[in-house]
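[1] need a structure here:
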Amino acid sequence: MQPLPIMDGIEFVGSVDWDRRLFDSLIPLPDGTSYNAYLVKGRDKVALLDTVDPIFWDQLREKLRDVPRIDYVVVHHVEQDHSGSLPLVLEKYPAATVLTSAKARGMLVDHLHVAEERIRVMADGETIDLGGKTLRFLAMPWVHWPETIVTYLPEDRVLFSCDLFGSHLATTDMYVTDEGLVYEAAQRYYAEIMMPFRTVIKGHLEKLAKLDIAVIAPSHGPLYDRPAFIMDAYRDWVMAPPHNTVVLPFVSMHGSTEIMVRHLTDALQRQEVRVKPFNLAVTDIGKLAIALVDAATLILGTPTVHLGPHPAAYYAAKLAVALKPKLLYAGLIGSYGWNSRATEQVVELCQGLKMEILEPVICRGLPLAEDLAALDRLASVIAGKHRVRQLTD
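    This is a model prediction of the structure:
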């Protein structure tokens, strides 16, 4: 329960949550997570950058036991995994001032009932001098809420990046040691949380590229002492064209749709298109989100339930629309018993994305030879479109 030194005057006072397996009652956490908080001590003043989820308040209180004074508490982001212990911190340190964005001020009053007079709004680029350590605040809206800011400490070249560059990963490593492990965790985090805002994040990456950064200290997961590792990954996820990949989430009740999915998978492989099928009955939805980061095409496989798509398939389509990946094409395959309006409902759902909708392949009952031939034609169409776009792996 002791603070962990990062460098002179900077300590880690956050908590590691080894057992959490679901975030926001929605996002799977196969590897747990952490709630990173940092104590920055200057010659004259002390600042606490973020707090922890309220369930870990006892740990934070213990780590602050020998800290007699905190002058500033920086709130980068209002969600409770970052700011939930703020009222308790302010009770312990009644002279502390909260530093945050204009949008966050009202949210802190509403969400946590923080007294407005204790909050000081920091403009984009504004600084606070702690005495030999300067906190420079940078507006980073929509990563992934509208009020988010980050903090840059120029003397030590540290970027406290809040959720940007984060990873849900419980580990005792202060810094990244296994880049493969962290890459997947960070990509999952990006896919599930950041991808809907990738066009905004592109501008933020350009803004951060102007800074001299030696260490990135995010609010979840280990720190990066090689910032290029995660910044290059983000540039690829955000800006690079999609890959020669088809993501194929499906559900099958009596086997007909699964036959079609397997046939289309083989046909696409013969056309040298990478395919990632996901059986929605057993899939980790985070893995599906990761696959959508770089995919060019989404094909949904679904049987018909009460005229529409299977609820699991509809949810997968809804998820894809919500995450706003770089998809270029989308299509539907599946079967029905007596009638179906699945195509119309899925197409209507996908209208929020700028994708070309491909000709669906829907059959009644078990697929016949002509249905399988239609899947072969669909594979050829997809491969042709990928080749025209010169998509690579």
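
[2] Beyond the strand ranked longest in the chain, next helix or strand please.
    Secondary structure assigned by DSSP state E gives strand 295-305 as the longest strand of the chain. Sequence order places strand 308-309 as the next helix or strand after strand 295-305, per DSSP states H and E.

[3] ok, which stretches of the stretch 101-250 of the chain are helices?
    102-112, 179-189, 198-208, 227-239 (DSSP state H, counting those that start in this stretch).

[4] if we can go back for a sec, packing partners of the longest strand of the chain?
    Using 3 or more Cβ pairs under 8 Å, 6 or more residues apart in numbering; DSSP states H and E, the elements in contact with strand 295-305 are strand 243-250, helix 256-270, helix 311-323, strand 329-336, helix 342-349, helix 369-388. (Glycine included, C-beta is placed from N, CA and C.)

[5] mind checking which helix or strand of this structure has the lowest mean pLDDT?
    Ranked by mean pLDDT, DSSP states H and E, the weakest helix or strand in the chain is helix 342-349, scoring a mean of 75.

[6] List the buried residues for that helix?
    Going by neighbour count (16 or more other Cβ atoms under 10 Å), the buried part of helix 342-349 is Ala342, Thr343, Gln345, Val346, Leu349.

[7] which residues are in contact with the following helix or strand past it?
    Per DSSP H and E, the first helix or strand lying C-terminal to helix 342-349 is strand 356-357. Strand 356-357 has contacts (Cβ atoms under 8 Å, 6 or more residues apart in numbering) with Leu328, Tyr329, Ala330, Gly331, Val347, Cys350, Lys385.

[8] What are the contacting residues of the next helix-or-strand element following strand 356-357?
    Toward the C-terminus, strand 356-357 is succeeded by strand 361-364 as the next helix or strand (DSSP H and E). Residues outside strand 361-364 that contact it (Cβ under 8 Å, 6+ apart) are 256, 260, 331-338, 340, 342-343, 371, 374-375, 378.

[9] any chance of the helices of the stretch 101-250 of the chain in CSV, plus distance to Val275, mean pLDDT and mean neighbour count?
    Formatted as CSV, those follow (distance: least, Cβ to Cβ, whole Å; pLDDT from 0 to 100; neighbours: other Cβ atoms under 10 Å):
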stretch, distance to Val275, mean pLDDT, mean neighbour count
helix 102-112, 42, 97, 17
helix 179-189, 19, 97, 20
helix 198-208, 24, 97, 16
helix 227-239, 20, 98, 17
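
[10] now the ones you listed in CSV, with distance to Cys363?
    Converted to CSV, those look like this (distance: least, Cβ to Cβ, whole Å):
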stretch, distance to Cys363
helix 102-112, 50
helix 179-189, 35
helix 198-208, 36
helix 227-239, 36
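
[11] if we can go back for a sec, among the contacts of strand 356-357, which one lies nearest to Ile6?
    Checking those against Ile6 by Cβ to Cβ gives Leu328 as the nearest, at 42.6 Å.

[12] List the contacts of the closest one.
    So Leu328 contacts Pro242, Ala296, Thr297, Met355, Glu356, Lys385, Arg389 (Cβ under 8 Å, 6+ apart).

[13] try it again with 10 Å
    241-242, 295-298, 353-356, 385-386, 389, 391 (Cβ atoms under 10 Å, 6 or more residues apart in numbering).

[14] on that earlier part again, buried subset of the contacts of strand 361-364?
    The buried subset of these - by 16+ other Cβ under 10 Å - is 256, 260, 331-336, 340, 342-343, 371, 374-375, 378.

[15] Tell me where the model's unsure across the stretch 251-393 of the chain.
    By pLDDT under 70, the weakly predicted segments of the stretch 251-393 of the chain are 338, 352.

[16] can you list the domain ranges for this structure.
    Residue ranges for each domain of the chain read 4-239, 243-385, as given by automatic domain parsing.
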